[in-house]
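*Asks:* only geometry, no sequence info:
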């Protein structure tokens with residue numbers, strides 16, 4: 001039986017008992033296979049004694065896996081009030097280890113939740129807020145941030161953008177940001193049929209670990225450079241970088257570029273070099 005990770009009922013029964021039909025407007029696609037949720041939990045590394053923040057637990061399949069894998073504490077943020085009774089049942093089964101916060105994941109103070117201790121963020125993210133949440137976490141200062149790692153479910157196409165390198169078709173602003181601040185990898189793909197209801201696309205679990213970086217580039221300047229460069233990605237950077245509103249030649253010089261390159265050919269270091277000099281050219 002699939003529910004052997006604990007003594008709680010199978011997720012299908014939980015969903016039926018609480019009338020938890022997934023809502024499209026909340027970007028919900030529930031994972032019902034507890035073997036799969038346990039596999040996601042294990043990507044986050046050994047969880048014994050760890051504090052985990054989960055976003056969008058829904059009926060709690062991943063929540064149960066995180067607890068069964070030994071997480072000392074799971075803080076789950078759920079916007080859908082219909083899911084709260086199901087999560088309360090999990091809290092009862094794992095006394096003192098699950099805290100459920102009813103609220104909007106985009107409005108939460110995650111650093112405050114971490115409370116100074118190291119945390120891991122593990123989530124089957126609602127698709128409609130997945131990219132803004134990730135971008136927010138990757139843009140935090142100071143860096144390295146309060147979290148040890150991010151283990152997150154995305155649509156496969158978004159996952160490819162996160163791990164993309166210079167020269168890859170999927171390389172863009174998200175790949176530059178993630179490549180600058182983390183080591184990111186796709187752990188495994190998850191087929192449509194694993195979800196209820198099945199989404200239109202394949203999904204993938206991405207694991208991101210913050211890396212130490214020099215603190216001499218501000219996120220907002222990198223953002224301005226990448227927005228200009230990738231805003232017209234078919235053009236040479238000599239053209240596209242004009243959108244930064246500063247003289248282009250010193251930008252190119254800082255990165256050692258000729259100007260006839262295209263944005264998707266440039267390594268992360270080139271964007272950082274341009275972002276570093278950008279404020280002095282204003």
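*Replies:* Structure's in. What do you need? What you see is a predicted model, and the numbers here were worked out from it, not measured in a lab.
*Asks:* low-scoring stretches of the protein, by residue?
*Replies:* For the chain, the stretches with pLDDT under 70 are 1-3.
*Asks:* hmm, try it at 50
*Replies:* 1-2 (pLDDT under 50).
*Asks:* Quick one: the strands in the stretch 51-200 of the chain, in order.
*Replies:* 51-55, 73-78, 98-102, 119-124, 147-155, 182-190, 195-196 (DSSP state E, counting those that start in this stretch).
*Asks:* May I see the ones you listed arranged in TSV, with distance to residue 163 and mean neighbour count as well?
*Replies:* Yep, even glycine has a C-beta here, placed from its N, CA and C like the rest. What follows is these, written out as TSV (distance: least, Cβ to Cβ, whole Å; neighbours: other Cβ atoms under 10 Å):
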stretch	distance to residue 163	mean neighbour count
strand 51-55	20	24
strand 73-78	25	23
strand 98-102	30	18
strand 119-124	17	26
strand 147-155	10	22
strand 182-190	5	17
strand 195-196	22	20
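*Asks:* Can I get those strands in CSV including distance to residue 33?
*Replies:* Below are the strands of the stretch 51-200 of the chain laid out as CSV (distance: least, Cβ to Cβ, whole Å):
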stretch, distance to residue 33
strand 51-55, 17
strand 73-78, 19
strand 98-102, 21
strand 119-124, 12
strand 147-155, 13
strand 182-190, 9
strand 195-196, 9
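*Asks:* which one of these lies closest to residue 130?
*Replies:* strand 147-155 (5.4 Å; Cβ to Cβ).
*Asks:* counting contacts, what elements does that closest one pack onto?
*Replies:* Secondary-structure packing of strand 147-155 (3 or more Cβ pairs under 8 Å, 6 or more residues apart in numbering; DSSP states H and E): helix 34-43, strand 119-124, helix 130-138, strand 182-190, strand 203-210.
*Asks:* re earlier: closest one to residue 8 among the strands of the stretch 51-200 of the chain?
*Replies:* Closest among the strands of the stretch 51-200 of the chain, using Cβ to Cβ: strand 98-102, at 11.9 Å.
*Asks:* That closest one pairs with which strands, parallel or anti?
*Replies:* strand 73-78 (parallel) (DSSP bridges).
*Asks:* who's in contact with the strand it pairs with?
*Replies:* Under the contact criterion Cβ atoms under 8 Å, 6 or more residues apart in numbering, strand 73-78 has outside partners 51-58, 60, 63, 66-67, 84, 87, 97-103, 105, 108, 113.
*Asks:* go on, stretch 275-282?
*Replies:* 216-218, 221-222, 224-225, 244-247, 250-251, 254.
*Asks:* now that stretch: how far from the chain's centre is it?
*Replies:* In this view, stretch 275-282 has its centroid 29 Å away from the chain centroid, taken as Cα atoms, centre = their mean, to the nearest Å.
*Asks:* Do me a favour and get the end-to-end distance for it?
*Replies:* End-to-end distance of stretch 275-282 (Cα to Cα, to the nearest Å): 12 Å.
*Asks:* Just give me the closest of the contacts of stretch 275-282 to residue 203.
*Replies:* Closest to residue 203, out of all of those and judged by Cβ to Cβ, is residue 222, at 27.9 Å.
*Asks:* Quick check: that closest one touching residue 177?
*Replies:* Yes: with contacts counted by Cβ atoms under 8 Å, residue 222 reaches residue 177, the gap being 7.1 Å.
*Asks:* rewinding a little: of all the strands of the stretch 51-200 of the chain, which one is nearest residue 22?
*Replies:* strand 195-196 (6.4 Å).
*Asks:* just checking, what packs against the closest one?
*Replies:* strand 30-31.
*Asks:* partners of the strand it packs on in the sheet?
*Replies:* strand 195-196 (antiparallel).
*Asks:* what does the partner strand contact?
*Replies:* Contacts of strand 195-196 (Cβ under 8 Å, 6+ apart): 15, 22, 29-32, 203.
*Asks:* could the residues you listed go into CSV alongside neighbour count?
*Replies:* Output for the contacts of strand 195-196, formatted as CSV (neighbours: other Cβ atoms under 10 Å):
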residue, neighbour count
15, 20
22, 18
29, 21
30, 24
31, 21
32, 18
203, 25
